[in-house]
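> Dropping a prediction and its sequence here:
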Amino acid sequence: MKFQVDKRDRLVIVKLNEEKLLSNLAPQLKSELVIINNEGFKNIVLDLTDVQYVDSSGLSALLVGNRLCKEAGGTFVLTGLNAHIQKLIKISQLEPILNIVPTVPESVDYVMMEELDRDLRT
């Protein structure tokens with residue numbers, strides 16, 4: 001699996017450099033998300049700009065990332081989704097569960113606003 005990881009102060013941006021997120025890559029993505037989470041990062045932005053197609057195994061990997069961040073008290077954001085992936089998420093009724101933001105900069109802003117909101121509540 002080809003990907004880039006950009007670790008920042010309060011979040012990690014993972015850019016998947018693959019055309020398809022299928023059953024052959026989903027376990028690797030899940031493992032990488034678990035490793036990032038175990039390193040203490042509770043906020044993950046997953047950039048799928050290069051991904052053209054996702055299957056049910058790929059959706060499962062996205063849900064694992066979402067669960068890991070939620071359990072750690074953080075935020076998981078998907079960005080760079082094409083129309084096909086957005087439609088699949090909608091058909092799968094995952095829109096209310098997943099945070100979907102159009103661009104990486106907007107995703108970073110979204111995470112930082114969520115962090116600020118959490119900080120103010122404590």
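The structure has been received and is ready for your questions.
> where along this protein do the helices fall?
26-38, 56-71, 83-91, 104-121 (DSSP state H).
> would TSV of these with mean neighbour count and mean pLDDT be doable?
Where you see a C-beta, it was placed from the backbone N, CA and C, and this is true even at glycine. Putting the helices of the chain into TSV (neighbours: other CB atoms under 10 Å; pLDDT from 0 to 100) gives the following:
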stretch	mean neighbour count	mean pLDDT
helix 26-38	17	97
helix 56-71	18	97
helix 83-91	13	95
helix 104-121	14	95
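> okay, the ones you listed in CSV with distance to Lys7 next?
Shown next, in CSV, are these (distance: least, CB to CB, whole Å):
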stretch, distance to Lys7
helix 26-38, 8
helix 56-71, 15
helix 83-91, 25
helix 104-121, 13
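> Of the ones you listed, which is nearest Lys2?
helix 26-38 (10.1 Å; CB to CB).
> quick one: Lys76 and Leu59, what's the gap?
No, residue 76 isn't Lys; it's Phe. 13 Å (CB to CB, to the nearest Å).
> correction: Lys7
Taken as CB to CB, the span from Lys7 to Leu59 is 25 Å.
> Mind listing the shared neighbours of Phe76 and Leu59?
Shared contacts of Phe76 and Leu59, defined by CB atoms under 8 Å, 6 or more residues apart in numbering, are absent.
> in the protein, which residue is closest to the centre?
Leu46 (3.4 Å; CA atoms, centre = their mean).
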